[in-house]
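**Q** please work out how this folds:
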Amino acid sequence: MESKNSQRMIGEAIRKIALGRSIERVNMSESGTGGVGTARMIHGYVAKIHEDGELCGTIDVREFPDETASSEPITHQGVLLAGVKDNSGGFLIIPTLFSDVTIVTDAATKYAYVLNFSHADFIQLLSHKETVVGVAETEELDPQSNDSPDYDELEKTGNETSTKYTVEEIKTIAKNKNDKQAEITVTPESIAQKVDKSQVNQLADKIEQKVNSTTVVVADNKVTIGDEQATEPLVLGNELAQLMLEFITECSKIMTPTLMGTMPAINCPNFPSLASKIQKFLSKTAYTK
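**A** This next block holds a predicted model:
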């Protein structure tokens, strides 16, 4: 009897060493569901999405018939979508109704969580300091060569895009191996876009477009072309055309005293043809006020 007790004590000690703190969760689990980590993976589909009530922010998952030994369909209610129960922060995915999902259940706590999914209606990625999303192309891995570097050691080609989110700004960069680069920076007070030598800056009180030293600025009741400090006003086309028509008309009336009496100017016949050309210098696409 004492020998059996000793063997039982030795076996229990080995079990505790092997399972570590998981032993507590194994002991908490219901009969027949215990195991290392007390976790069970289940494949099924989204049967319901709870948008209110006590289960708000969770989904119901029904097991596929071939995944369970039960003759009746088994539905897991209140499956959590994130590590926190209220889904208020962090990484959150809301699957599409009737889409395939894989969940994991914890026999000790009775909680179930979504592991992966086939389709999503909503994806949330909310951090406290910084989030970066991007793609960086690398040289191809040579699986036939023992000397080929690992994936994390492959050389970058220079083609890459990224968007970085901080609490102060959003910055998107796209560049290629030919050293061409475009970037957009968004802050609460400005939006800046830059492509090579051209740039667009939008502030609360103005929008500035710039290519090298040529600038167009749009502000309240003012548009400047060429340079923001430009002071020469633009001409109103219709007003200028009317003025020129009146001027040419008056010129055509000029009379010159001669020995033979008062005569019109020698080039008077040219004035009507000049008047007919006035409408040609008016733009068909650009307008001002």
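
**Q** can you pull the buried residues of stretch 156-167?
**A** 160, 165 (16 or more other Cβ atoms under 10 Å). (C-beta placed from N, C-alpha, C; glycine too.)

**Q** looking at the chain, which helix or strand is least sure?
**A** Within the chain, no helix or strand scores below helix 22-28, which has a mean of 52 by mean pLDDT, DSSP states H and E.

**Q** alpha carbons of the helix or strand that comes right after that helix, as PDB, please.
**A** Sequence-wise, the next helix or strand downstream of helix 22-28 (DSSP states H and E) is strand 39-49. Output in PDB follows, covering the C-alpha atoms of strand 39-49 (Å, rounded to 0.1, in the frame of the first residue of the first chain):
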ATOM      1  CA  ALA A  39      -8.100  23.700 -25.200                       C
ATOM      2  CA  ARG A  40     -10.200  22.200 -28.000                       C
ATOM      3  CA  MET A  41     -10.300  23.300 -31.600                       C
ATOM      4  CA  ILE A  42     -13.600  23.300 -33.400                       C
ATOM      5  CA  HIS A  43     -14.500  23.900 -37.000                       C
ATOM      6  CA  GLY A  44     -17.900  25.400 -37.900                       C
ATOM      7  CA  TYR A  45     -19.800  28.400 -39.300                       C
ATOM      8  CA  VAL A  46     -21.200  31.600 -38.000                       C
ATOM      9  CA  ALA A  47     -24.800  30.900 -37.100                       C
ATOM     10  CA  LYS A  48     -25.600  34.300 -35.400                       C
ATOM     11  CA  ILE A  49     -23.900  37.700 -34.700                       C
END
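
**Q** what sits opposite Glu130 in the beta ladder?
**A** Bridge pairing for Glu130 (DSSP bridges) gives the partners Thr166.

**Q** is it in contact with Thr166, as I believe?
**A** Yes. At 5.2 Å, Glu130 and Thr166 qualify as touching, with contact defined as Cβ atoms under 8 Å.

**Q** for burial, what's the neighbour tally of the nearest residue to Leu126 once chain neighbours are set aside?
**A** Excluding the flanking residues, the one nearest Leu126 by Cβ to Cβ, 6 or more residues apart in numbering is Gly89, at 5.0 Å. When neighbours are counted by other Cβ atoms under 10 Å, Gly89 registers 14.

**Q** check Ile103 too.
**A** 21.

**Q** just the element for Val186, please.
**A** Per DSSP H and E, Val186 falls inside strand 181-187.

**Q** in that strand, what counts as buried?
**A** Neighbour counts over strand 181-187 (16+ other Cβ under 10 Å) mark 184-185 as buried.

**Q** ditto for stretch 164-181
**A** 165, 171-174.

**Q** what's the mean pLDDT across it?
**A** Average pLDDT, stretch 164-181: 96.

**Q** kindly report the same for stretch 117-126.
**A** 90.

**Q** can you give the contact residues for that stretch?
**A** For stretch 117-126, contacts defined as Cβ atoms under 8 Å, 6 or more residues apart in numbering pick out 87, 89-97, 99-102, 131, 133.
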